[in-house]
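>>> Provide a 3D model corresponding to the input given below.
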Amino acid sequence: MKSVKEVATESKIKDKLKDFPICLKTAEYLFEDEELQEMQDYANNVSIKRLGYNDHGPVHMRQVAINAIKMLTILKDSNIKTSLETEETGTFEDSMCAVIIAGLMHDLGMMTGRQGHEEMSALLAVPLIERTLAYIFPDNIHKRVIIKSLAIEAITGHMSTRKIHSLEAGIILVADGCDMTKGRARIPLAIHNTPKVGDIHKYSANAITRVSIQHGEKKPIKIDIEMSSEVGFFQIEEILLTKVESSPAKQYIELTAGVTGEERKRYL
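Numbers count the residues shown, from 1 in each chain. Next up, the predicted model:
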């Protein structure tokens, strides 16, 4: 059974994709994929119960997908082409399909542990990606190849430890970093009470009350973060900012953050 949060996020994703029928069909197909759901659930079990990390399961992967959808749509509204469009190898919808797939599969490797999980995610995702694209594009091997390649680049590059080159992969990198609100740390904080290495990530995430992705003032995309205490700056400076700095999408992003009621700090 899916949680209320999963269902609600799926509904938001479908609403964002209503003008992109192929992408909507892709998302709906993946939401009904029982194997993908089981893999997402088990990745979260390992992440939270075994390792004591934040949420890396179905809610997180859906949130990363919707963050990426928002950013890619803003870039389209700003007449900025994706890498596939610039290279004249695919359409905007092809790029969006790759981003949706990557968002929903990027942390599957957490089923096996934290170290090298991005490469393991890609390995585990390949059969699901091929099955999905065979359903969406049964008679177009070109689209299956380019979307699969792009999705794998985005999955393996989401930790900013590997050089990525496409705008689409850069969007996933930033979208992952943007999922940092306190809800993501709620379960591990409730389960694990004994202090351990890595707790700062949970406490800093617990201080983040809102992450807004919207049209920017100076650049196309504005990411604004509100927090309840200054410990939240750790999450921004050590996680999100590192990812933005490594992203091919950096030039299109402005980033601000601050404690509720206080002046915002501008990073980009």
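>>> List phi and psi for the closest residue to Y252 other than its chain neighbours.
Excluding the flanking residues, the one nearest Y252 by Cβ to Cβ, 6 or more residues apart in numbering is P220, at 4.7 Å. To be clear about C-beta, it is placed using only N, CA and C from the backbone, and glycine gets the same treatment. Backbone torsions of P220, given as degrees, to the nearest 10, read phi -60, psi -40.
>>> For S95, grab the count of nearby residues.
26 (other Cβ atoms under 10 Å).
>>> Enumerate every residue touching it.
72, 82-85, 150, 167-168 (Cβ atoms under 8 Å, 6 or more residues apart in numbering).
>>> same thing but 6 Å
Neighbouring residues of S95 by Cβ atoms under 6 Å, 6 or more residues apart in numbering: 82, 84, 168.
>>> cool, and K265?
K265 touches 257-258, counting by Cβ under 6 Å, 6+ apart.
>>> Do you know the pLDDT at it?
pLDDT recorded at K265 is 95.
>>> how near is it to L241?
11 Å (Cβ to Cβ, to the nearest Å).
>>> ranking the contacts of S95 by neighbours, who comes first?
E168 (29 neighbours).
>>> tell me the contacts of it?
82-83, 95, 98-99, 150.
>>> So it: helix, strand or coil?
Put simply, E168 is helix when judged by DSSP: H, G, I helix; E, B strand; the rest coil.
>>> let's number from 44 now, not from 1
With the count now opening at 44, the last piece we talked about shows up as E211.
>>> the strands in this protein, which residues?
Ranges of strands within the chain are 251-258, 264-270, 296-302, 308-309, based on DSSP state E.
>>> Between those, which one is closest to A108.
In terms of Cβ to Cβ, the element of these nearest to A108 is strand 251-258, at 12.7 Å.
>>> so what's the closest residue to E273 other than its chain neighbours bridging to?
Closest residue to E273 apart from its sequence neighbours, by Cβ to Cβ, 6+ apart: V302 at 6.2 Å. According to DSSP bridges, M270 are recorded as the beta-bridge partners of V302.
>>> Against P64, how distant is V302?
Plainly put, V302 is 42 Å away from P64 if you go by Cβ to Cβ.
>>> For L118, which non-adjacent residue is spatially closest?
Closest to L118 by Cβ to Cβ, 6+ apart is P263, at 5.8 Å.
>>> And G259, by the same measure?
K265 (3.5 Å).
>>> Kindly tell me how buried the one you found is, as a neighbour count.
18.
>>> who's it bridged to?
Where K265 sits in a bridge, its partners, by DSSP bridges, are Q257, E297.
>>> Report the contact partners of it.
By Cβ under 6 Å, 6+ apart, the neighbours of K265 are 257, 259, 297.
>>> Going by neighbour count, which of these comes out on top?
Neighbour max across those (other Cβ under 10 Å) = G259, 19 neighbours.
>>> residue closest to the middle of the chain?
In the chain, the residue lying closest to the centroid (Cα atoms, centre = their mean) is V107, at 2.6 Å.
>>> Please verify my assumption that it contacts A218.
Yes. Using Cβ atoms under 6 Å, V107 is in contact with A218, at 4.9 Å.
>>> Now list whatever residues contact both of these two.
By Cβ under 6 Å, 6+ apart, no residue touches both V107 and A218.
>>> burial count for the residue nearest to Y295?
19.
>>> what's near enough to touch the spatially closest residue to K262 that is not a sequence neighbour?
Spatially, and ignoring its direct neighbours in sequence, K262 is nearest to E297 (4.5 Å; Cβ to Cβ, 6+ apart). By Cβ under 6 Å, 6+ apart, the contact list for E297 reads 259, 261-262, 265, 311.
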